[in-house]
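Asker: Provided below are the primary sequence and the corresponding predicted coordinates.
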Amino acid sequence: MQTLDNSKLELGILGGGQLGKMLIEAGSDWNVRCHVLDPDPEASCAHLAHTFVCGSFKDYDTVYQFGKQLDQITLEIEHVHVGALMQLEQEGKRIYPQPGVLAVIQDKGKQKMFYEDNDLPTSAFQFIDSKEELIKLIEEDKLSFPFVQKTCAAGYDGKGVAVIRSKADLDKLLDGESIIEDLVDIEKELSVIVARNAKGATACFPVVEMEFHPTANLVEFLLSPAHITAQQEQAAIDIAVRCIEAFDMQGILAVELFLTRSGEILINEVAPRPHNSGHHTIEANYTSQYQQLLRCILDLPLGSTAARAHAVMVNVLGAEGYAGEARYAGLPECLAVEGVYVHLYGKKMTKPFRKMGHVTIIGQNEQVIREKAAFIKDNLRVIA
C-alpha cells in the first residue's frame, strides 16, 4: 500500500495571485503547506501561505534562493525566470510544469512552431520582427486585413494581442517581435483542461464554452458543458491529450481552442497551470482543477473529472469608471440565490476590468442557472 509522508507535503508556488490562493485552499484539505513567492506584499496569497516571500519571480537569484529550499515547485503565472528553474531541476528539484515546457509556452512564436512541428491544428501564422516591418508589409500590400497580432513575449489576459481589421486599426499595432495570425472565423471559443501524471496517465475535464467581454478580452461567461456535438467534444479532447503528450508534460494544461464556422477545431494557445476556464470545477466537478494538479505533483491517482451539475461561471471584474479601494455592491442579494458560489480574490484595490473574483452557479437545469448568472452579472459590481 502506498504511503504519503507528511514531511513531503511542501509545495512552492511562483506567483501569489488568485490561482495560487485557490491552490492553497485545495491543498489545505490534505495539509499541503504552500510557500509563495510574489512581488506584491498584498497579493491574494500573502496571508494564506504557510510562508510568503516578497520578491520577483522574474529574477534569477530570487527564484533560485526560493526554490532551493523546496523539493517541488509549481507556478500560477508563466512569466517566471526559466533559467533559475532549469538550474533547480538539474539539482533534483521537481518542477511542474517542467522548465523546458515553460520555455516554449512563454514565447507565442515558439508555441506556434511547436504546434506545427507536432502536427497539432492551429491557424496560419508568420513571424514579424518589429512594428516597422509590419507597417511596411501593409503599405506594400503584402499583408491583407483582417489579422491578429500577438507579441511573442509577456502576453497575458488579453494583453499583447491586437485585432487589426482595417487601416483604421493601425494605431493598435504592438511593438516588438510578434506573430501575425489569420483572423479565424470563430463559431465558439472552447477550452479543455487536461492533466497528465508521471506515469503518463491523462484525464480531461469536460469541454467548456467561453464568451468574452468585447472590450477587456477577458472571459465574461463560461458554460459547462459546451454546446457542441459529441464528435466535436471528442475531437477537442483528443487534441488536448495529443498536446500535453507532445510536450511530455506533467501537471495540468489548459488548451484554448477555436471552433470555426467550417467545423475545424484549432489550438489558440495553452497555459501550463490552473486556468480561468476551470474555476467552476471547484463546485461543479468531482475533482477540481486545483486538486488535480496536486494529485499530479504528489503522485496520487488522477481524480474523476465528471461533472456533478451544469455550471455557468461569471468573472467579477472591476467596474468601468471606478478605481480605488474595492467595495462589493449587490453581494448580499447575490449570496441569497440558491446554487451561487462567490469567490473573492482578496485584492484590496480595484480598477476597470481587473479580475476581482468569480461566481459559479450550478444546478440541474441549464436555463435556470443561466438566468441566475444574468442576475449575478447585472447586480454584483466592484466599485470604489
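Answerer: Structure's in. What do you need?
Asker: how does this protein divide into domains?
Answerer: 6-96, 124-182, 186-383 (automatic domain parsing).
Asker: what's the closest non-adjacent residue to the spatially most central residue of the chain?
Answerer: For the chain, the residue nearest the mean C-alpha position is His275 (2.9 Å; Cα atoms, centre = their mean). Nearest-residue entry for His275: Ala254, 3.4 Å, with adjacent residues in sequence omitted and distances by Cβ to Cβ, 6 or more residues apart in numbering. Backbone N, C-alpha and C define where each C-beta goes, glycine included.
Asker: cool, and Glu220?
Answerer: Using Cβ to Cβ, 6+ apart and skipping the chain neighbours, the partner closest in space to Glu220 is His213 (4.4 Å).
Asker: can I assume the residue nearest to His275 is in contact with Ile267?
Answerer: No. Here Ala254 does not reach Ile267: they are 11.2 Å apart, not a contact under Cβ atoms under 8 Å.
Asker: could you check the helix or strand that contains Phe66 and say which residues are buried?
Answerer: Per DSSP states H and E: Phe66 is located in helix 60-67. Residues 62-64, 66-67 are the ones in helix 60-67 that count as buried (16 or more other Cβ atoms under 10 Å).
Asker: same check, this time on stretch 142-153
Answerer: The neighbour-count check on stretch 142-153 (16+ other Cβ under 10 Å) flags 143, 147-152 as buried.
Asker: among those residues, which ones are in strands?
Answerer: Among those, DSSP state E puts 147-151 in strands.
Asker: could you dump those to JSON lines with distance to Val32 and pLDDT?
Answerer: As requested, those are exported to JSON lines (distance: Cβ to Cβ, whole Å; pLDDT from 0 to 100):
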{"residue": "Phe147", "distance to Val32": "45", "pLDDT": "92"}
{"residue": "Val148", "distance to Val32": "39", "pLDDT": "93"}
{"residue": "Gln149", "distance to Val32": "41", "pLDDT": "93"}
{"residue": "Lys150", "distance to Val32": "35", "pLDDT": "93"}
{"residue": "Thr151", "distance to Val32": "35", "pLDDT": "93"}
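Asker: wasn't Glu269 part of a helix?
Answerer: No. According to DSSP: H, G, I helix; E, B strand; the rest coil, Glu269 belongs to no helix; its state is strand.
Asker: that one - how many residues pack around it?
Answerer: Glu269 is flanked by 17 other residues according to other Cβ atoms under 10 Å.
Asker: who's in contact with it?
Answerer: 108, 111, 256 (Cβ atoms under 8 Å, 6 or more residues apart in numbering).
Asker: which SSE is the last one in?
Answerer: Right, the one you point to is Glu256. Using DSSP H and E, Glu256 falls within strand 251-260.
Asker: for that strand, packing partners?
Answerer: The helices and strands touching strand 251-260, judged by 3 or more Cβ pairs under 8 Å, 6 or more residues apart in numbering; DSSP states H and E, are strand 186-196, helix 230-247, strand 265-271, helix 289-297.
Asker: so how far is the longest one from its chain's centroid?
Answerer: A distance of 17 Å separates the centroid of the chain from that of helix 230-247, by Cα atoms, centre = their mean, to the nearest Å.
Asker: would you mark the buried spots in that helix?
Answerer: Buried positions in helix 230-247, judged by neighbour count with 16+ other Cβ under 10 Å: 232-233, 235-237, 239-244, 247.
Asker: His35 and Val101, how far apart?
Answerer: Using Cβ to Cβ, to the nearest Å, we find His35 at a distance of 22 Å from Val101.
Asker: without its sequence neighbours, what residue ends up closest to Val219?
Answerer: Per Cβ to Cβ, 6+ apart, closest to Val219 is Met210, 4.9 Å.
Asker: and the gap between the one you found and His310?
Answerer: 16 Å.
Asker: same deal with Pro301?
Answerer: Pro301 is 26 Å from His310, where distance means Cβ to Cβ.
Asker: neighbour count: those two, which is higher?
Answerer: When neighbours are counted by other Cβ under 10 Å, Pro301 and His310 differ, and His310 comes out ahead with 21 against 11.
Asker: quick one: that one and Ile362 touch, right?
Answerer: Yes. With contact defined as Cβ under 8 Å, His310 counts as touching Ile362 (6.8 Å).
Asker: between those two, what contacts are shared?
Answerer: Counting by Cβ under 8 Å, 6+ apart, the shared contacts of His310 and Ile362 are 284, 369.
Asker: buried sites along stretch 209-227?
Answerer: For stretch 209-227, burial by neighbour count (16+ other Cβ under 10 Å) applies to 209-210, 216, 218-226.
Asker: ignore what I typed, I meant stretch 176-185.
Answerer: Buried residues in stretch 176-185, counting neighbours by 16+ other Cβ under 10 Å, are found at 177-181, 184.
Asker: state the mean pLDDT of that stretch.
Answerer: If you average the pLDDT over stretch 176-185, you get 91.
Asker: from Arg273, how far out is Cys204?
Answerer: For Cys204, the distance to Arg273 equals 16 Å [Cβ to Cβ].
Asker: more crowded one of the two?
Answerer: Per other Cβ under 10 Å, whichever of Cys204 and Arg273 has more neighbours is Arg273, with 27 against 20.
Asker: how about that one, secondary structure?
Answerer: Applying three-state DSSP: Arg273 is coil.
Asker: my read is that it contacts Thr74, right?
Answerer: Yes. Using Cβ under 8 Å, Arg273 is in contact with Thr74, at 7.4 Å.
Asker: where do the contact lists of these two overlap?
Answerer: Shared contacts of Arg273 and Thr74, defined by Cβ under 8 Å, 6+ apart, comprise 251, 293.
Asker: circling back: buried stuff in the strand holding Glu256?
Answerer: Using 16+ other Cβ under 10 Å as the test for burial, strand 251-260 gives 251-259.
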